[in-house]
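Trainee: prediction below, plus the sequence it came from.
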Amino acid sequence: MIQENEIPKYLKSTESNISKSNRKSKHKHQYEECIIRYKFSFMGKNNLYTELSSYCSICGKIGDRFSKEKSIVEEKTIHKQLPNGIKYLTHMSGKEIYEQYYNILPVFNAEFNDKYIDLNQKEND
């Protein structure tokens, strides 16, 4: 039997400081497509980065981009041609996505390191 002043051979496992129930969602995420705009400063200049993303309509968790099959945005790639006749593909810029879909999709402002968005601050409400 181990006395109080003896050092045990193995450490007893204890619960972590962070409760697992706090990290675990109590619902199944229901993701919807949205536009998220990130404000950031670089070399003293304020910039705005816009991307097509998804969010959980219940808790506001930011998810990945939607698959092509589920997406409202039909064409994210654009076929272009140079003056010399060479054809190439390019992606829609954040500005083009915003201008084309801001009235269809909800728009949120967030910070780059945010994992959740505030569901009460939809830009187009």
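Mentor: Now that the structure is in, tell me what you want to look at. Numbers count the residues shown, from 1 in each chain.

Trainee: got the phi/psi numbers for Tyr98?
Mentor: phi -60, psi -50 (degrees, to the nearest 10).

Trainee: now it. Nearest residue, chain neighbours left out?
Mentor: Leaving aside its chain neighbours, Tyr98 sits nearest to Thr50 (4.9 Å; criterion: C-beta to C-beta, 6 or more residues apart in numbering). Any C-beta I mention is one placed from the backbone N, CA and C, and that applies to glycine too.

Trainee: that neighbour belongs to a strand?
Mentor: Yes - according to DSSP: H, G, I helix; E, B strand; the rest coil, Thr50 belongs to a strand.

Trainee: what ranges does the protein have for its helices?
Mentor: With DSSP state H, the ranges of helices along the chain come out as 20-23, 94-101.

Trainee: pLDDT value on the residue nearest to Tyr98, please?
Mentor: pLDDT for Thr50: 85.

Trainee: please name the residues that touch it.
Mentor: Residues in contact with Thr50 (C-beta atoms under 8 Å, 6 or more residues apart in numbering) are 35-38, 94-95, 97-98.

Trainee: list the beta-bridge partners for it.
Mentor: Partner residues in beta bridges with Thr50, using DSSP bridges, are Arg37.
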